[in-house]
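Asks: model this:
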Amino acid sequence: MVVDDDECATINGSTTPTVKASPELTESMLKFSSQSASNFFLPPPTTYDEGDKKSSNSAQACALLSELNPDVNGYYCTVPSLEGVDYTSFLKALMENPPTTSDDAASATPKKLLVIAADQPSTVILPISHACHVHSIPLINVRSYGLLGYVRIQTASPYHAITEAKPAHRIPDLRLSAWPLFDGLNKVTSSVMNLDEMEDTKDHSHVPFVVILLQALDKWRLSVGAPVSSDIDESTSKPRYPASFSEKEDFRKIVRGMAKYINNEINFEEALREAHLTWGEGRISEDVKMVLDRVDEESFFSAAIKSEMEVEGGSSSHTTPPHVLQFQLLALALKRFLKVNDNYPPLEGTIPDMTSDTTRYVALQEAYKQQAEKDKSSITELVKSLLEECKQKSNGCDLRVTMPADDEILTFCKNSRYLRILETRPLFAEYKLQDPTSPVVSELAKTLSSSDISQFDTIQSDARDDLMSATFDPYETDPVQTPMLWWIALRACDAFYDRHQHYPGKHDQELALEADANEVYKCMVDIAGSLGLAECDFIKEHLLDQTKGKDLAREVVRYDEGEIHNIAAVVGGVASQEAVKLITGQYVPFDDTYVYNGIASTAGVYRF
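Replies: Model (predicted):
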């Protein structure tokens, strides 16, 4: 990584107590310095003089930032030129011999590597992008340019797996629509007498809403001439559930009618509020199906078995990262589990707070917990059987995957309804499409095979559709301030750099600035065409129009690659949050570029 304002802001956000339990985040961070830029996080360079030798920016930033968290261990490396580094070899060596501390011996947690590049031209960022793709390492590209900035995520290949997506609105996993009901839930509900015959008003107002809904369901079935739960043969048929809007309203009327004093019985208010859980689909969602479709047993077995080269002490390129293999192992066990459980995932085993007497609530809680433990045990056995099959196919070779810890399996089961993956195109593939005549891209292309680019065609096609949709939602106050337009202007500055080895605005004479703006505008038009936006009305009006488009170009030209502290702090803070997401596998990172417009203090996320 490169030490400057953006990166210091990024690491500042990543060394907080949030990642105290994940020291691998910072232990694998390596900082490069070209000793080229001033940095407001650091005192003047003269402060660092040590005799006749000046200490590098990376050394000072490493020392000062490490003070933010005593559990963080910082490392740095100073190189003469970032353009002269063989990043593929460097990352390979770093993966084989990562920096270690005395605490590492007692930890069995595998190290995770994340690369953050800040404010680097394509001559540096594209080789880094390719090296990260080859070694399946995630990359975050952070950029602050005048009043603009962006953060670009390049996920590790084949994809970034997310076990703990932590959705904002998590639907309770009560399985009221599953048939048959699991034994524990049946036992609890059958122990509660018919609510119509319950005379004790206090007891009546403390029946859990789960029981109320199930009893109301049988009443509704009788009202529509369908058999109740006790009359249905579990092996041959499934009972009816409210389907149409009118049926659901009739069901809610039955719930209201079961209450003695609806305004004084909170449990019935909860039953009405949660009535949708009675007919809600409890099977896995389409999003999870898409995740599971990306995992197949044949590819997993092939990736999980070490090759002969690895067994002999060598290394293999394009290997699937160990944590992704662990995810695939659990995902395959889940696929087998779904086949024998009517596509219902393992039960989470928790219930929401509800109005209830202690005895019934504890009994209900215990029922769900015990069923969740049974499902987890089933997943564990399926994982063991997959590992055994893997060993049988290995012909004595070692495996690159191990038995997950009990806590890992538990976490996976609890979050199996919200599994996600994120896959982005590498930067070098994106740049090749956006600016195919760039001399930097052309030079890099000599080292790439056609498969390095072609496999991302599908992602590019989807990205074009997303970009087109984004143009229908411009910044409402002033459409010119839409972040997408300014990102295209920044890319045009990069294209200018590729051809002149300096950014526009270097020479402050009026004629030179206007000439730079004209060339930047031409690059903007070419990039918009490469993105498939040339026929978009919004782009035609605000970018392809020469008057408005050149105003954008003149604005970025006057920045002369200047870096403003508050803009650097914003994009660095965003990058630090995404870094934690990528390292921990929690929450869903954005896909794939966050663009910040400091002129109007607005931002957008786009797939380019």
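Asks: When you work out contacts or count neighbours from here on, use the C-alpha atoms and nothing else.
Replies: OK.
Asks: Please list all residues in contact with Arg252.
Replies: 272, 275 (C-alpha atoms under 8 Å, 6 or more residues apart in numbering).
Asks: any idea how far it lies from Pro242?
Replies: In this view, Arg252 and Pro242 are 10 Å apart by C-alpha to C-alpha, to the nearest Å.
Asks: got it, and Ala463?
Replies: Counting by C-alpha to C-alpha, the separation of Ala463 from Pro242 is 39 Å.
Asks: just Val340 next, same as before
Replies: From Val340 across to Pro242, the span is 26 Å (C-alpha to C-alpha).
Asks: Which of the two has more residues huddled nearby?
Replies: Remark: of Val340 and Pro242, Pro242 carries more neighbours, 19 against 9, as counted by other C-alpha atoms under 10 Å.
Asks: Contacts for stretch 547-563 next, please.
Replies: Identification of contacts with stretch 547-563 by C-alpha under 8 Å, 6+ apart yields 5, 144-147, 486, 489-490, 493, 503-506, 513-514, 516-518, 520-521, 541-543.
Asks: List only buried entries from the residues you listed.
Replies: Among the contacts of stretch 547-563, those classed as buried by 16 or more other C-alpha atoms under 10 Å are 5, 144-147, 486, 489-490, 493, 503-505, 513-514, 516-518, 520-521, 542-543.
Asks: What about the residues you listed, which are in helices?
Replies: By the criterion of DSSP state H, membership of those in helices covers 5, 486, 489-490, 493, 513-514, 516-518, 520-521.
Asks: Switch these over to a markdown table; also include pLDDT and distance to Arg400.
Replies: What follows is these, written out as a markdown table (pLDDT from 0 to 100; distance: C-alpha to C-alpha, whole Å):
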| residue | pLDDT | distance to Arg400 |
| --- | --- | --- |
| Asp5 | 50 | 39 |
| Trp486 | 95 | 44 |
| Ala489 | 95 | 45 |
| Leu490 | 95 | 42 |
| Cys493 | 94 | 44 |
| Leu513 | 91 | 56 |
| Glu514 | 93 | 58 |
| Asp516 | 93 | 53 |
| Ala517 | 94 | 53 |
| Asn518 | 95 | 54 |
| Val520 | 95 | 49 |
| Tyr521 | 96 | 50 |
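Asks: Please identify which of those residues is nearest to His323.
Replies: The shortest approach to His323 among these belongs to Asp5, at 31.6 Å (C-alpha to C-alpha).
Asks: quick one: the nearest residue to Tyr344 once chain neighbours are set aside from Tyr418, how far?
Replies: Counting by C-alpha to C-alpha, 6 or more residues apart in numbering, the nearest residue to Tyr344 once its immediate chain neighbours are dropped is Arg283, at 4.5 Å. Separation of Arg283 from Tyr418 (C-alpha to C-alpha): 11 Å.
Asks: ditto for Ser394
Replies: Distance of Ser394 to Tyr418, given as C-alpha to C-alpha: 32 Å.
Asks: And for Lys248?
Replies: Using C-alpha to C-alpha, one gets 27 Å for the distance from Lys248 to Tyr418.
Asks: Dihedrals phi and psi, the spatially most distant residue from the centre of the chain?
Replies: No residue in the chain has its C-alpha farther from the mean C-alpha position than Glu199, which lies at 52.9 Å (C-alpha atoms, centre = their mean). Glu199 adopts backbone torsions of phi -90, psi -30, taken as degrees, to the nearest 10.
Asks: Any figure for the gap between it and His206?
Replies: Distance check for Glu199 against His206: by C-alpha to C-alpha, it reads 13 Å.
Asks: in the stretch 351-500 of the chain, which spans are helices?
Replies: Counting by DSSP state H, counting those that start in this stretch, the stretch 351-500 of the chain forms helices over residues 358-393, 406-414, 427-434, 439-445, 450-454, 457-470, 483-500, given from the N-terminal end onward.
Asks: Which positions in the second one come out as buried?
Replies: Across helix 406-414, burial judged by 16+ other C-alpha under 10 Å covers 409-410, 412-414.
Asks: avg pLDDT for it?
Replies: Model confidence over helix 406-414 averages 95 on the pLDDT scale.
Asks: Put the alpha carbons of it into CSV.
Replies: Included here for helix 406-414 are C-alpha records, laid out as CSV according to Å, rounded to 0.1, in the frame of the first residue of the first chain:
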residue,chain,number,x,y,z
ASP,A,406,-18.0,-26.2,15.6
ASP,A,407,-18.5,-22.4,16.0
GLU,A,408,-18.1,-22.0,12.2
ILE,A,409,-20.7,-24.6,11.4
LEU,A,410,-23.1,-23.0,14.0
THR,A,411,-22.6,-19.6,12.4
PHE,A,412,-23.2,-20.9,8.9
CYS,A,413,-26.4,-22.7,10.0
LYS,A,414,-27.8,-19.6,11.7
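Asks: any chance you could map the strands in the stretch 151-300 of the chain?
Replies: In the stretch 151-300 of the chain, the strands defined using DSSP state E, counting those that start in this stretch lie at 160-162.
Asks: Need the distance between the two termini of stretch 599-607.
Replies: Stretch 599-607 has an end-to-end distance of 22 Å (criterion: C-alpha to C-alpha).
Asks: For it, report the contacting residues that lie outside it.
Replies: Defining contact as C-alpha under 8 Å, 6+ apart, one finds that stretch 599-607 is touched by 147-148, 463-464, 466-467, 470, 481-484, 590-597.
Asks: Next: stretch 192-204.
Replies: Judged by C-alpha under 8 Å, 6+ apart, the contacts made with stretch 192-204 from elsewhere in the structure are 211-212, 215, 258, 260, 357.
Asks: Low-confidence ranges, the stretch 351-500 of the chain, go.
Replies: Counting by pLDDT under 70, the stretch 351-500 of the chain contains low-confidence ranges at 447-455.
Asks: quick check, nearest of the ones in helices among the buried ones among the contacts of stretch 547-563 to Asp375?
Replies: Each of these was checked against Asp375 using C-alpha to C-alpha; the closest is Asp5, at 49.2 Å.
Asks: Could you double-check that Val520 lies in contact with Cys493?
Replies: Yes - Val520 lies in contact with Cys493 (C-alpha atoms under 8 Å); the separation is 6.2 Å.
Asks: got any residues that touch both of these two?
Replies: Taking C-alpha under 8 Å, 6+ apart as the contact rule, Val520 and Cys493 both touch 504, 557.
Asks: and the nearest residue to Glu83 once chain neighbours are set aside, what element?
Replies: Computed as C-alpha to C-alpha, 6+ apart, the closest residue to Glu83 that is not its neighbour in sequence is Val124, at 5.4 Å. Val124 belongs to helix 122-134 when assigned by DSSP states H and E.
Asks: What lies in contact with that helix?
Replies: If you take C-alpha under 8 Å, 6+ apart as the criterion, helix 122-134 is touched by 82-83, 87-88, 91, 115, 117, 138-139, 141, 154, 156-157, 317-318, 426-428, 440-441, 444, 494, 498.
Asks: what angle do that helix and helix 427-434 make?
Replies: Interaxial angle of helix 122-134 relative to helix 427-434 (axes from the mean of the first three to the mean of the last three C-alpha atoms, to 10 degrees): 120 degrees.
Asks: Can you list the buried residues in helix 122-134?
Replies: By 16+ other C-alpha under 10 Å, the buried positions in helix 122-134 come out as 122-134.
Asks: And stretch 367-384, by the same measure?
Replies: 367-369, 371-373, 375-380, 382-384.
Asks: hang on, the earlier thing: just the buried ones from the contacts of helix 122-134?
Replies: With burial judged by 16+ other C-alpha under 10 Å, the buried subset of the contacts of helix 122-134 is 82-83, 87-88, 91, 115, 117, 138-139, 141, 154, 156-157, 426-428, 440-441, 494, 498.
Asks: If I look at Lys166, what pLDDT would I see?
Replies: Model confidence at Lys166 (pLDDT) stands at 92.
Asks: residues near it, how many?
Replies: Residues near Lys166, counting by other C-alpha under 10 Å, number 14.
Asks: Okay, it and Glu281: tell me how far apart.
Replies: Remark: distance between Lys166 and Glu281 (C-alpha to C-alpha) = 20 Å.
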